[in-house]
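In: Pasting a predicted model and its sequence here:
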Amino acid sequence: MHERSTSLLLSALLAGFTLLLLATSGRAFGQASVAQLAADLGSSDFDKVSAAVTALGFSKDPAALSLLAALDEKKLKIDKAGAPLIEQEDGALKNPLTGASATSKEGLTTPGLNNIVRRTLRLSLANLRLRSEDAEQRRLAAQTLAESPTAESAAMLHDALEHETDGDAKESLELAIAQIDLAGDDHAKKLAAVETIGASGELGLKPVLEQLISHTTADTEQNKALKTAAASALTSLETKELFIRIVRDLFYGLSLGSVLLLAALGLAITFGLMGVINMAHGEMIMLGAYTTFVVQSFFAKHAPGALDWYLPCAVPAAFLVCMGIGIALERAVIRHLYGRPLETLLATWGISLGLIQVVRLVFGAANVTVANPTWLSGGFDLASGVTLPYARLVTIAFTVVVVGFVYYLLNETGLGLQLRATTQNRAMARCMGIKAPRIDMLTFGLGSGVAGLGGVALSQLGNVGPELGQGYIVDSFMVVVLGGVGKLAGTVVAAVGLGTVNKLLEPVSGAVLGKIIVLVFIVLFIQRRPQGLFAPKGRAAEA
C-alpha cells in the first residue's frame, strides 16, 4: 500500500508538472511560432525543451508531428540559426517548415533528451496522432497508450474518446482509460474498468486482473464485488485463451499433417503400390527443396524483378528433377532387386547416404535459406491472438492440389489403370500387353516426383539442409502403414490425424513424449488391425 501511495503521489506530481508546462507553454504559444518552438528544441535547458515539446504537442501545424517524430527517432538537427532540419533516408537534410534542403552540414547540433523530455515527448506524439485525420494513425496511438497508460494522460484520453469515430481506436482508448481507473480509488470506476477489460478479450491484461485479485482483500462489500467481478473477467479471458490455443493447435496440426502427407504421398506409391522399401525417399524430399533453392538463386541473379514468382516455377522444376532422379535409380538399381525387400532397403539406404554427401559437396554442409515470396509473408488474423501464416495456408492448399493430382492420375488415366492392373496381378497385366518394366519405372519416378513437391512446401516453412529428409522418412512409413498399404485415402486420413494428434499432445506431454505416445498407439493399432485403417478389397486383398 505504501509503494502504491508513493507511486500515485509521484504520478500526481508529474501530472501537475506536465500541466504546469502546458499552461506555461500555452501562454507562450500564443506569441511563439512553430519555428521558435523548433529552435527551443536545440536548447541545452531541458525544461525549455520540454516546454517546447508540450506546446508542439497541442499545435495544429502539420510540421509539429514531423518535428517531434524526428526528435523521437534522433533524426532532428538544429543549425546555427535555430532552424530545424530532418535527416532523410538518403542522408539529406530538409527543413520541415519551409521544405528547403540544407546546403551545409556544418555547425549542426542534435537535441538531447532526458527522462522528463522523453515522457513529455511520448505524450505529445500520442496527442498529435490521436488528432490525426488518418484512422490508422489514431489507432496506433491509442494502442500505444493502451499498452502503458499513465495517470497524466487520462484527460487527453477522455477527450480523444469523445471525438473518436474509429471502432478499433475507441476500443484501445477505452482499455487505456480502464487501466488508469483500475489504479485509482473510485470503486465504481474500478468495477466499470474490470467489465471493460473482461469484455475486450485482451489476453495481455490477464496479469492486471490477477494482480488486482491478489491485492484486493474481501473486507468490505465493495471489495467483495470488485474481486468477484475481476475473477469473472479473468475466467472469461482464460476461456478465450483456451479456445484460441485449441484453434491454433488444430491449425498447426492440420499444417503438420499436410507436410506429413506430402512427404508420405510419394512413399505410398513406391512402397504401397510397388512394395519397394525406399530409404532414399527422404532424400527426394531434400532434393526438391534444394531445387527450389536453385530456382530462387537463378531468379535472384537473372530476373530480380520477378523474384516473387520463383516459387510457381520451382514446383514443376522440383517434380521433374526428382522424377528424373527416381527413374534413373529405378533403372540402375531398384529393378534388379524386386522381390528382395531386405536388399532393397540396404541399397536405398546406401543411396540416401550418397545423395546426402553429394549435396554437401555441391551446396556445403550448412543450411541454406529459401525466402518466402512477399505474397507469402505475414498471416491472416483470424481473431485476437490467432494469426494463420500465409505460408502454412498455402501449404495446406498446395497439399490438396497435389492429392487431387495423384488421385486423378491413378484413377482417371491410362497410366493409372495400367499401374493398378500391374499392382494387382503382374502376370495377367503382362498377358494383356502391359509393359510392366515401363510401368515400374514410371511409378517409381512418380513417387519420387511427388516427394520433390513435398520438398518445395518444406522449403517455405524452414531452412533447407542436407539432412532435411531424414526427419520425415520414419514418419512417412508410419503414415503409409497406419493408413493401409496402397490406399491413398488411408494415407490422407493417417497423415492429417497424426499431425493433429501430435500438435494437441505437445502442450500436455511435450514434443518427445508426444511422439512416443503416438508410436505406441500405432504399434498397438497395427497389432489389432495389420491391414491398417483402409484394408484392401477384392483380388488385391487376396494377392
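Out: Noted; the coordinates are in hand.

In: so Arg331 touches Met441, yeah?
Out: Yes. Using C-beta atoms under 8 Å, Arg331 is in contact with Met441, at 6.2 Å. The C-beta positions use only the backbone N, C-alpha and C, and glycine is treated the same way.

In: So for the two, which sits in the more crowded spot?
Out: It is Met441, of Arg331 and Met441, that has more neighbours when counted by other C-beta atoms under 10 Å, with 19 against 15.

In: and that one, what is it in contact with?
Out: By C-beta atoms under 8 Å, 6 or more residues apart in numbering, Met441 lies in contact with 327, 330-331, 335.

In: how about 7 Å then?
Out: By C-beta atoms under 7 Å, 6 or more residues apart in numbering, Met441 lies in contact with 327, 330-331.

In: Can you say which helix or strand has it in it?
Out: Met441 belongs to helix 436-459 when assigned by DSSP states H and E.

In: Now find how far off-centre that helix is within its chain.
Out: From the chain centre to the centre of helix 436-459 is a distance of 30 Å (C-alpha atoms, centre = their mean, to the nearest Å).

In: report the longest helix in the chain, please.
Out: Longest helix of the chain, by residue count under DSSP state H: helix 221-267.

In: Can you name the element that comes right after it?
Out: helix 281-302.

In: just the CA coordinates of that following helix, formatted as CSV?
Out: Output of helix 281-302 as CSV, limited to C-alpha atoms (Å, rounded to 0.1, in the frame of the first residue of the first chain):
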residue,chain,number,x,y,z
HIS,A,281,12.7,-41.3,-50.2
GLY,A,282,13.6,-38.6,-47.7
GLU,A,283,16.4,-37.5,-49.9
MET,A,284,13.9,-37.0,-52.7
ILE,A,285,12.2,-34.5,-50.4
MET,A,286,15.6,-32.9,-49.7
LEU,A,287,16.4,-32.7,-53.5
GLY,A,288,13.0,-31.0,-54.1
ALA,A,289,13.8,-28.4,-51.5
TYR,A,290,17.3,-27.8,-53.0
THR,A,291,15.8,-27.5,-56.5
THR,A,292,13.6,-24.7,-55.1
PHE,A,293,16.8,-23.0,-53.7
VAL,A,294,18.5,-23.3,-57.1
VAL,A,295,15.4,-21.8,-58.9
GLN,A,296,15.3,-18.9,-56.3
SER,A,297,19.1,-18.2,-56.8
PHE,A,298,18.6,-18.2,-60.6
PHE,A,299,15.7,-15.7,-60.4
ALA,A,300,17.7,-13.5,-57.9
LYS,A,301,20.7,-13.4,-60.3
HIS,A,302,19.0,-13.2,-63.7
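
In: Distance of the closest residue to Asp381 other than its chain neighbours relative to Arg248?
Out: Excluding its sequence neighbours, the residue lying closest to Asp381 (C-beta to C-beta, 6 or more residues apart in numbering) is Thr387, at 5.5 Å. Here the criterion is C-beta to C-beta, to the nearest Å. By it, Thr387 lies 9 Å from Arg248.

In: ditto for Gly454
Out: 24 Å.

In: Between these two, which is the more surrounded one?
Out: The neighbour comparison of Gly454 against Arg248 (other C-beta under 10 Å) goes to Gly454, with 35 against 18.

In: quick one: pLDDT of that one?
Out: Predicted confidence (pLDDT) for Gly454: 89.

In: which residues in the stretch 51-200 of the chain form helices?
Out: 62-72, 115-130, 135-147, 154-163, 167-182, 187-200 (DSSP state H, counting those that start in this stretch).

In: In CSV: the ones you listed, plus mean pLDDT, mean neighbour count and distance to Gln88.
Out: Formatted as CSV, the helices of the stretch 51-200 of the chain follow (pLDDT from 0 to 100; neighbours: other C-beta atoms under 10 Å; distance: least, C-beta to C-beta, whole Å):
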stretch, mean pLDDT, mean neighbour count, distance to Gln88
helix 62-72, 82, 20, 10
helix 115-130, 79, 21, 20
helix 135-147, 72, 19, 20
helix 154-163, 76, 16, 31
helix 167-182, 80, 21, 29
helix 187-200, 85, 19, 39
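
In: and Ile473, which of those is closest to it?
Out: Taking C-beta to C-beta, helix 135-147 is the member of the helices of the stretch 51-200 of the chain nearest to Ile473, at 46.3 Å.

In: ok, the residue positioned nearest the centre of the chain - contacts?
Out: With distances taken as C-alpha atoms, centre = their mean, the residue of the chain nearest its centroid is Pro389 (4.8 Å). For Pro389, the residues meeting the contact criterion (C-beta under 7 Å, 6+ apart) are Gly379.

In: Would you quantify the distance from it to Tyr252?
Out: 9 Å.

In: how about stretch 45-60 as CSV, C-alpha atoms only?
Out: Extracted in CSV, the C-alpha atoms of stretch 45-60 (Å, rounded to 0.1, in the frame of the first residue of the first chain):
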residue,chain,number,x,y,z
ASP,A,45,18.0,23.7,-20.9
PHE,A,46,15.8,20.6,-20.7
ASP,A,47,12.9,22.5,-19.1
LYS,A,48,12.8,24.7,-22.1
VAL,A,49,13.0,21.7,-24.4
SER,A,50,10.2,20.0,-22.5
ALA,A,51,8.0,23.1,-22.7
ALA,A,52,8.6,23.4,-26.5
VAL,A,53,7.7,19.7,-26.9
THR,A,54,4.5,20.1,-24.9
ALA,A,55,3.5,23.2,-26.9
LEU,A,56,4.2,21.4,-30.2
GLY,A,57,2.0,18.5,-29.0
PHE,A,58,-1.0,20.9,-29.0
SER,A,59,-0.1,22.6,-32.2
LYS,A,60,-2.3,22.3,-35.3
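
In: per-residue confidence averaged over that stretch?
Out: Stretch 45-60 carries an average pLDDT of 81.

In: Just the buried residues of it, please?
Out: Counting neighbours by 16 or more other C-beta atoms under 10 Å, one finds that the buried residues in stretch 45-60 are 46, 48-59.

In: which among these gets closest to Ala83?
Out: The closest of those to Ala83 turns out to be Ala52 (C-beta to C-beta; 14.3 Å).

In: what about Leu345, distance to Ala300?
Out: 40 Å.

In: Lys435 now?
Out: To Ala300, Lys435 is 43 Å away according to C-beta to C-beta.

In: ok, Thr291 - how many residues close by?
Out: Residues lying near Thr291 (other C-beta under 10 Å) number 22.

In: how about it, what does it touch?
Out: With contact set as C-beta under 7 Å, 6+ apart, Thr291 has these partners: 314, 317-318, 321, 452.

In: tell me which strands and helices the strand or helix carrying Ala427 is in contact with?
Out: Using DSSP H and E, Ala427 falls within helix 426-431. Under the contact criterion of 3 or more C-beta pairs under 7 Å, 6 or more residues apart in numbering; DSSP states H and E, helix 426-431 touches helix 436-459.

In: and the next element down the chain from the helix it packs on?
Out: Note on helix 436-459: by DSSP H and E, the next helix or strand toward the C-terminus is helix 470-483.

In: Which of the three states applies to Ala328?
Out: helix (DSSP: H, G, I helix; E, B strand; the rest coil).

In: Compute the number of surrounding residues for it.
Out: A total of 14 residues lie near Ala328 under the criterion other C-beta under 10 Å.

In: Number the residues from 36 up from this point.
Out: Sure, I'll start numbering at 36, so the last one becomes Ala363.

In: Can you tell me how far it is from Leu160?
Out: Taken as C-beta to C-beta, the span from Ala363 to Leu160 is 64 Å.

In: Contacts only, for Glu171.
Out: Under the criterion of C-beta under 7 Å, 6+ apart, Glu171 has no contact partners.

In: do the same with the one 3 residues further on
Out: The contact partners of Arg174, by C-beta under 7 Å, 6+ apart, come to 201, 203-204, 207.

In: Then Gln495?
Out: Shown in contact with Gln495 (C-beta under 7 Å, 6+ apart): 405, 407, 411, 426, 430.

In: How about Leu445?
Out: Per C-beta under 7 Å, 6+ apart, neighbours of Leu445: 451, 454-455, 523.
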